[in-house]
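Engineer: Build the 3D model from these lines:
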Amino acid sequence: MYTYLTKQAETTAERNQLNSFKKIYGISKRTRIRNWFWYLLILLLIILFLPWTQNIRARGNVTTLRQEQRPQEVNTVIAGTVLAWHVKEGDFVRKGDTLLQLGEVKVDYFDPELLDRTQEQIQSKKASAQNYLGKAGTADKQFTALKEALQFKLQSLDTKIQQQELKVNSDQADLQAAENEQSVYKRQIDAARIMLDSGAISLTEYEKRRISFQNSLAKINIASNKLEQARQELVYLKLEKQSAVQDYADKMAKAEGEQYSSLSNAASTDAEVSKLKNLYSSYSARNKLYYITAPQSGQIIRARKAGIGEFVKEGEMVVEIVPDTVQYAVELFIKPMDIPLISPDQKVRFIFDGFPAIVFNGWPGGSYGTFGGKVLAIEKSARDNGKFRILITEDPQDRKWPAQLRIGGGADGILLLKDVPIYYELWRNINGFPPEYYTPENAISPKK
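Structural biologist: Prediction:
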């Protein structure tokens, strides 16, 4: 037994001296798994307490803030045929450069001297209007002359009426004198008749007095006739005055009517001149519309019409132009449940299509190849896809956006929210809770 144990001990000693035996069986080796377990556990605990930036991921497109900086269609205002192309797709043009030349297709505008003929019509109408104004001026002068003639006529008739009134007064005085003389002769003839009956006077003397009495009666008749004739003359002069007023009033009304008629014709002719001027301006503007020019500087990207002689309808698009000066923005489409978490001036990180990036969602500071932005506007109505559209502009405090951006390119947005520990974020996601509500420090306060 002792011999057996000795041999076994020797054999064991010999085995311990072999390195291969030690490495294969590792009987005396100590493990470090427990240490690594504790190290990893401590590291995991540290990681759980690290800050994590809550965020919302959304997909969108590159666009522009201003409508005039978006790709726009260049339309033709008039219908026509294509005479010549001055650009091709891909060309860069400046504002005012000619893109396309059109030819006329309407019969009303075929006359090559249409503008000159319209100008001649305008000149003729202007001359006609001047003639009407001259005629109106002549009628006004005639009216003034008739008015002055009426005044002279009335003054003359008033003078004659005054003279006739004096004559009537004189004849009336003569009649009164004849009547006074007749009354004297009547008393004398009455006394002579008594004296003849008493024989105081002779018949011859009586006859003389009777003749004087009869002569006084004749004088009364003559004076009365003259007075009546004078009165009739006075009435005739007054009637002549009224007739003159009526006659001149008729002539003045006729002259005034001719004046107003001439003025009316002149106004109508002026209206026709205005219409012709408007027509001339329309023709002149139409001639300019034969040449379609670039509304702004940019690149031609699409031409609808190809050949020469093709017909173009009114308002039809001929080319599309992309402006060369663009203020870029990004439009993102957000789910309705995430809209309450977004505020104006909120920070956003972008990953533009075509630009390499390494992204850590919760640690935006450690990401590479991302670009910053700020929320500018949040639309109040959802789009057809059921999402809300928000506009983001470039953040002036961050790196500039690439100059190679193009409208319509894709962009992935990461809207940064509140900083929370990682363990809280894990707990929130496990329970399906939404991110934390918060308001940025430089958020825009709503206006009253």
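Engineer: Just say helix, strand or coil for the closest residue to residue 290 other than its chain neighbours.
Structural biologist: In this structure, residue 290 finds its nearest non-sequential neighbour in residue 102, 4.9 Å apart by Cβ to Cβ, 6 or more residues apart in numbering. (C-beta placed from N, C-alpha, C; glycine too.) Classification of residue 102 using DSSP: H, G, I helix; E, B strand; the rest coil returns strand.
Engineer: give the contact list for residue 102.
Structural biologist: 76, 78, 80, 81, 82, 83, 289, 290, 291, 292, 312 (Cβ atoms under 8 Å, 6 or more residues apart in numbering).
Engineer: okay, the closest residue to residue 93 other than its chain neighbours: pLDDT?
Structural biologist: Distance criterion Cβ to Cβ, 6+ apart; nearest residue to residue 93, sequence neighbours excluded, is residue 294 at 4.5 Å. On pLDDT, residue 294 comes in at 90.
Engineer: again with residue 105
Structural biologist: pLDDT, read off for residue 105, is 86.
Engineer: and if you look at residue 8?
Structural biologist: Looking at residue 8, its pLDDT stands at 60.
Engineer: likewise residue 441?
Structural biologist: 54.
Engineer: Please apply the same query to residue 435.
Structural biologist: Among the per-residue scores, residue 435 shows a pLDDT of 69.
Engineer: Residue 319 too?
Structural biologist: Here the pLDDT value assigned to residue 319 is 89.
Engineer: How many neighbouring residues does it have?
Structural biologist: Neighbour count of residue 319, defined by other Cβ atoms under 10 Å: 24.
Engineer: So it belongs to a strand, correct?
Structural biologist: Yes. Assigned with three-state DSSP, residue 319 falls within a strand.
Engineer: Tell me where the model's unsure across the stretch 301-448 of the chain.
Structural biologist: The model of the stretch 301-448 of the chain has pLDDT under 70 over residues 357-369, 418-419, 432-448.
Engineer: need the strands for it, in chain order.
Structural biologist: 311-312, 317-323, 328-334, 347-352, 371-382, 388-394, 410-421 (DSSP state E, counting those that start in this stretch).
Engineer: TSV for the ones you listed, including distance to residue 266?
Structural biologist: Shown next, in TSV, are the strands of the stretch 301-448 of the chain (distance: least, Cβ to Cβ, whole Å):
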stretch	distance to residue 266
strand 311-312	44
strand 317-323	46
strand 328-334	60
strand 347-352	70
strand 371-382	59
strand 388-394	60
strand 410-421	69
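Engineer: Indicate which one of those is closest to residue 34.
Structural biologist: Among the strands of the stretch 301-448 of the chain, strand 410-421 comes nearest to residue 34, with 28.0 Å by Cβ to Cβ.
Engineer: Settle this for me: residue 307 is touching residue 82, isn't it.
Structural biologist: Yes. Look at residue 307 against residue 82 with Cβ atoms under 8 Å: they come within range, at 7.0 Å.
Engineer: Verify the contact between residue 378 and residue 346 for me.
Structural biologist: No. The criterion here is Cβ under 8 Å, and residue 378 misses it with residue 346 at 9.5 Å.
Engineer: Distance of residue 336 relative to residue 161?
Structural biologist: Remark: distance between residue 336 and residue 161 (Cβ to Cβ, to the nearest Å) = 104 Å.
Engineer: Compare the two and say which one has the larger neighbour count.
Structural biologist: Between residue 336 and residue 161, residue 161 has the larger neighbour count (other Cβ under 10 Å), namely 18 against 10.
Engineer: Can you say which helix or strand has the more buried one in it?
Structural biologist: Assigned by DSSP states H and E, residue 161 falls within helix 114-198.
Engineer: Quick one: name whatever helix or strand follows the helix or strand containing residue 205.
Structural biologist: In this structure, residue 205 sits in helix 203-289 according to DSSP H and E. From helix 203-289 onward toward the C-terminus, using DSSP H and E, the following helix or strand is strand 291-293.
Engineer: Quick one: residues contacting residue 314.
Structural biologist: Here residue 314 is in contact with 76, 77, 78, 79 (criterion: Cβ under 8 Å, 6+ apart).
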